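In: Build me a model:
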Amino acid sequence: MSSASVAVPNPARDRMAAGEIALGMNVRLGHNGDIARIAKATGHDFIFIDMQHSLFTTETVGHMAQAALGCGIAPMVRVRAPDDPNVPLLLDNGVTGIIFPDVETADDARRAVNAAKFAPVGQRSVCGGYPYFNYAPTPLDQAISAMNEATLVVCMIETVKGLENVEAIAAVDGVDVVHVGSNDLLVSMGKPGRFGDPEIMAAIERVIDVAAAHGRYSGFGGDRNLERQVQLIRRGARFLTTQTDIGFLMAEANRVTGGLREALAAKAA
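Out: Numbers count the residues shown, from 1 in each chain. Reported below is the predicted structural model:
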């Protein structure tokens, strides 16, 4: 394989590098590669496979990642913790980004980077035959560099403690995205479900500013209000989860059944 061809695509990274917004679909229900194609067809740049809250096996995620790579959308996985032992296994089998929940300290962020990035940035172990290169023999120095560049390390700020330490977290070499988990952060603030509250809005804006100051991308999820999403994207957020696959299915199913029942009721009247 020539050096010119040694590259690992990551559409989410490319969007953000261009100063645009990367949109991701949270995946909790879909358990095969079809969900990657649906996400791609509906304008998303990445899938956010949720292994923290849903029953996915590593093998299932590997098949989904292969489909995502094939159709041009970034497969990313939220694991269970910065020390989740599945991180290198997922990355060795096609995943191009790891979302680490509950990052509260710089040490948490360093452990996340160590698991997801090769030396000299982290401590990820090397294996042979990577799916990113169609398993073709690839000069290891070039392969490692390409994979480090493509692998996004996303640190989620989900607690008041994490917010207090966000400057130190963002300063850790190898962190790519600092992402606010609005639901959990609101619970930590004692304000569950109060999206749009001035305190959470100020927290997200702070994360946006801190991330930019350290050359990182910022993002947020959980708040599905379109007006606030647009406001924060214009403020500088570049990594956004739009909705879960469950939410999309429920919304469309309710629209169709509600419309039918409304039409039938109107005709009967």
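In: and Gly128, how far is that from Asn114?
Out: For Gly128, the distance to Asn114 (Cβ to Cβ, to the nearest Å) stands at 21 Å. For every residue, glycine as well, the C-beta is placed using N, CA and C.
In: what's near enough to touch Pro75?
Out: 36, 46-47, 49, 61, 64-65, 68-69, 94-97 (Cβ atoms under 8 Å, 6 or more residues apart in numbering).
In: sec struct for it, please.
Out: Of the three states, Pro75 takes strand according to DSSP: H, G, I helix; E, B strand; the rest coil.
In: Which pLDDT value goes with it?
Out: Looking at Pro75, its pLDDT is 98.
In: Distance check, it against Asp184.
Out: In terms of Cβ to Cβ, Pro75 sits 23 Å off from Asp184.
In: returning to that earlier point: is it possible to export the contacts of Pro75 to JSON lines including neighbour count and distance to Gly259?
Out: Output for the contacts of Pro75, formatted as JSON lines (neighbours: other Cβ atoms under 10 Å; distance: Cβ to Cβ, whole Å):
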{"residue": "Ala36", "neighbour count": "29", "distance to Gly259": "29"}
{"residue": "Phe46", "neighbour count": "29", "distance to Gly259": "31"}
{"residue": "Ile47", "neighbour count": "29", "distance to Gly259": "29"}
{"residue": "Ile49", "neighbour count": "31", "distance to Gly259": "32"}
{"residue": "Val61", "neighbour count": "22", "distance to Gly259": "36"}
{"residue": "Met64", "neighbour count": "25", "distance to Gly259": "32"}
{"residue": "Ala65", "neighbour count": "25", "distance to Gly259": "36"}
{"residue": "Ala68", "neighbour count": "27", "distance to Gly259": "33"}
{"residue": "Leu69", "neighbour count": "22", "distance to Gly259": "37"}
{"residue": "Gly94", "neighbour count": "20", "distance to Gly259": "40"}
{"residue": "Val95", "neighbour count": "28", "distance to Gly259": "39"}
{"residue": "Thr96", "neighbour count": "26", "distance to Gly259": "39"}
{"residue": "Gly97", "neighbour count": "28", "distance to Gly259": "37"}
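In: just these now: which is nearest Ala146?
Out: Thr96 (10.9 Å; Cβ to Cβ).
In: which residues touch Ile169?
Out: Contacts of Ile169 were listed using Cβ under 8 Å, 6+ apart, and they are Val103, Thr105, Ala106, Asp108, Ala109, Cys155, Ile157, Gly162, Val175, Val178.
In: what's the closest of the residues you listed to Glu199?
Out: The nearest member of these to Glu199, counting by Cβ to Cβ, is Ile157 at 13.6 Å.
In: quick one: low-confidence parts of the stretch 101-250 of the chain?
Out: For the stretch 101-250 of the chain, applying pLDDT under 70 flags no range at all.
In: How is the residue positioned nearest the centre of the chain assigned, secondary-structure-wise?
Out: In the chain, the residue lying closest to the centroid (Cα atoms, centre = their mean) is Phe48, at 4.9 Å. Of the three states, Phe48 takes strand under three-state DSSP.
In: Enumerate every residue touching the closest residue to Glu20 other than its chain neighbours.
Out: Leaving aside its sequence neighbours, Glu20 sits nearest to Arg238 (Cβ to Cβ, 6 or more residues apart in numbering; 7.4 Å). For Arg238, the contact set (Cβ under 8 Å, 6+ apart) comprises Arg15, Met16, Gly19, Glu20, Ile21, Ala22, Val177, Tyr217, Ser218, Gly219.
In: run the last query once more with 6 Å
Out: By Cβ atoms under 6 Å, 6 or more residues apart in numbering, the contact set of Arg238 is Met16, Ile21, Tyr217.
In: Show me where the stretch 151-269 of the chain has its helices.
Out: 160-164, 166-170, 182-188, 198-213, 226-235, 245-268 (DSSP state H, counting those that start in this stretch).
In: mind listing which of the contacts of Ile169 are in strands?
Out: Using DSSP state E, the subset of these located in strands is Cys155, Ile157, Val178.
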